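> Give me the fold of what follows.
(one chain, ligands or ions: 2)
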Amino acid sequence: MNVSTGLGDRHVTVDSGLDAARVDFTSIPVVDLAPIFSDDDAAKQKLGEELKDICTNVGFLYVKNHQVPDAVIDAVFAEAHAFFALPDATKMQYHIQNSKSLRGYGKLLDENVDPANRGDLHESFDIGLEIAEDDPDYLAGKFYGPNQWPDASHMPTFRANLVRYYTHMQTLSKYLFRAFSLALGMPETYFDGIDKGKAMGFMRILHYPPQEDAVDEKQMGIGAHTDYILKQDDKEALQVLNSKGQWIHAPPIPGTFVVNIADLLSRWSNDKFKSTMHRAINRTGVARYSIPFFYNVHHDTPVEVLPACLAPGEKPKYPPTTAGAYLTSRFEDTFAVYKQQKTEASL
Ligand SMILES: O=C(O)CCC(=O)C(=O)O
Ligand SMILES: [Fe+2]
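Ligands and ions are numbered 1, 2, ... in the order given. Below you'll find the predicted structure:
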């Protein structure tokens with residue numbers, strides 16, 4: 001099949017419909033992040049080498065010893081259960097249609113990450129950095145904005161719990177980027193401060209209703225795409241495409257996050273680091289929840305291939321872009337609501 005991503009069309013061979021190969025899932029490696037939080041330079045270098053190997057060959061990993069307390073994660077899952085159980089009319093008060101930067105509630109099928117599909121079978125609620133209505137970057141149409149928050153009368157702790165998780169993810173991302181810098185042969189702090197305190201990153205809570213009988217290849221929890229740091233609940237649904245074109249299960253492993261290299265690192269590294277295709281299909285018979293976090297940098301950050309990633313004489317595969325231009329093009333492809341808003345704004 002042909003799969004479109006922000007990196008262009010790719011042809012992938014997928015043999016058996018929606019099934020993922022039952023290969024040993026340890027083929028998606030688990031990495032111990034402890035060294036990057038320590039002062040042990042030798043252990044950090046070793047971690048960088050391990051990551052280099054994984055990023056080059058797999059592009060997908062689990063991380064453990066990430067320093068995010070279980071209580072922070074559990075609180076967000078509890079909020080997700082409560083929020084998605086609200087009446088549809090209440091959730092629709094916070095619909096992404098009300099936001100210029102996709103903050104808020106997305107109902108089933110609002111999103112379609114794989115253009116070959118017919119809409120994704122999940123509900124979502126998205127937040128980003130809290131940016132004021134009169135912020136010049138927001139007024140200039142950059143991917144910033146105020147969040148929409150459910151009324152405290154029905155969701156009293158939602159905001160505080162999501163913001164706390166978001167803050168932990170920003171910190172974890174900073175340390176992950178330190179490890180990725182070492183893996184790319186750059187100084188450890190190369191990416192420090194790249195978001196200039198105004199990161200476009202966002203987090204979501206997702207609810208996948210069970211998808212059993214009427215499962216077809218054009219409709220699933222989330223279609224094939226690339227992008228993060230993901231916390232799954234205990235229900236298996238995530239699948240990852242390996243280099244042989246086989247879908248491999250990525251089951252939940254307690255105490256870990258799933259990390260995908262994502263497209264910007266792939267571009268920075270001239271594709272030496274792989275942004276790996278994945279999808280989710282909930283066939284467990286019960287609801288599944290997950291919490292993706294998409295680290296991002298400042299809207300205006302230039303994104304061009306890092307010199308350290310080019311061999312002598314090697315040409316960059318991608319023209320320079322900015323993080324903002326890249327992100328908004330991805331969202332226009334994925335969210336009909338966003339594309340419509342952008343089209344109306346340019347008329
Ligand atoms: O819920 C999952 O397991 C995958 C979510 C995902 O890939 C995404 O939100 O980009
Ligand atoms: Fe994803």
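
> tell me how far the ends of stretch 254-264 are from each other?
The first residue of stretch 254-264 is 28 Å away from its last residue (C-alpha to C-alpha, to the nearest Å).

> right, is that stretch up against ligand 1?
No. Stretch 254-264 does not reach ligand 1 (C-beta under 6 Å from any ligand atom); its nearest approach is 7.4 Å. (Each C-beta comes from the backbone N, C-alpha and C, glycine too.)

> what sits up against that stretch?
5-7, 30, 55, 59-64, 66, 68, 172, 176, 226-232, 234, 238, 250, 273-276, 278, 294-297, 303, 323, 326, 330 (C-beta atoms under 8 Å, 6 or more residues apart in numbering).

> so which of the residues you listed also contact ligand 1?
Okay, of these touching ligand 1 (C-beta under 6 Å from any ligand atom), that's D227, L230, Q232, L238, H278.

> What is the burial count for the fourth one?
A count of neighbours around L238, defined by other C-beta atoms under 10 Å, yields 25.

> Number of residues surrounding the residue lying closest to T189 once chain neighbours are set aside?
Using C-beta to C-beta, 6 or more residues apart in numbering and skipping residues adjacent in sequence, the residue nearest T189 is R178, 6.6 Å away. Residues contacting R178 under the criterion other C-beta under 10 Å number 23.

> Just the element for R178, please.
Here R178 is covered by helix 158-183, with elements defined by DSSP states H and E.

> Show me the contacts of stretch 254-264 that map onto strands.
Secondary structure from DSSP state E places 5, 30, 60-64, 229-232, 238, 278, 294, 303 of the contacts of stretch 254-264 in strands.

> ok, now which ones touch H168?
V68, P69, V72.

> Per-residue pLDDT of the closest residue to K342 other than its chain neighbours, please?
Nearest non-adjacent residue to K342, counting by C-beta to C-beta, 6+ apart: E332, 5.9 Å away. Note on E332: pLDDT of 80.

> which residues does E332 contact?
Residues counted as contacts of E332 (C-beta under 8 Å, 6+ apart) are Y338, K339, K342.

> now with 10 Å?
By C-beta atoms under 10 Å, 6 or more residues apart in numbering, E332 lies in contact with Y338, K339, Q340, Q341, K342, T343.

> For the residue nearest to T189, report the pLDDT, please.
At R178, the model reports a pLDDT of 95.

> doesn't G48 make contact with it?
Yes. Between R178 and G48 there is a contact under C-beta atoms under 10 Å: 9.1 Å.

> near ligand 1, which residues of the stretch 101-250 of the chain?
L206, I222, D227, L230, Q232, A237, L238.

> mind listing the strands for the stretch 201-347 of the chain?
Using DSSP state E, counting those that start in this stretch, the strands of the stretch 201-347 of the chain run over residues 202-208, 222-225, 229-232, 238-241, 247-249, 257-260, 278-280, 288-294, 302-303, 321-322.

> now those as TSV including mean pLDDT?
As requested, these are exported to TSV (pLDDT from 0 to 100):
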stretch	mean pLDDT
strand 202-208	95
strand 222-225	80
strand 229-232	89
strand 238-241	92
strand 247-249	88
strand 257-260	93
strand 278-280	93
strand 288-294	95
strand 302-303	88
strand 321-322	91
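
> T226 contacts R330, correct?
Yes. Here T226 reaches R330: they are 9.4 Å apart, a contact under C-beta under 10 Å.

> now the closest residue to E50 other than its chain neighbours: how far from S99?
Using C-beta to C-beta, 6+ apart and skipping residues adjacent in sequence, the residue nearest E50 is V31, 6.4 Å away. Per C-beta to C-beta, to the nearest Å, V31 is found 35 Å from S99.

> quick revisit: which among the contacts of H168 end up buried?
V68 (16 or more other C-beta atoms under 10 Å).

> Give me the three-state assignment for M155.
Secondary structure state of M155, per DSSP: H, G, I helix; E, B strand; the rest coil, is coil.

> Can you give me the distance of it to ligand 1?
Per C-beta to the nearest ligand atom, to the nearest Å, M155 is found 21 Å from ligand 1.

> For that residue, the count of nearby residues, please.
Neighbourhood size, M155 [other C-beta under 10 Å]: 18.

> same deal with Y318?
With neighbours defined by other C-beta under 10 Å, the count for Y318 comes to 16.

> tell me the pLDDT at it?
90.
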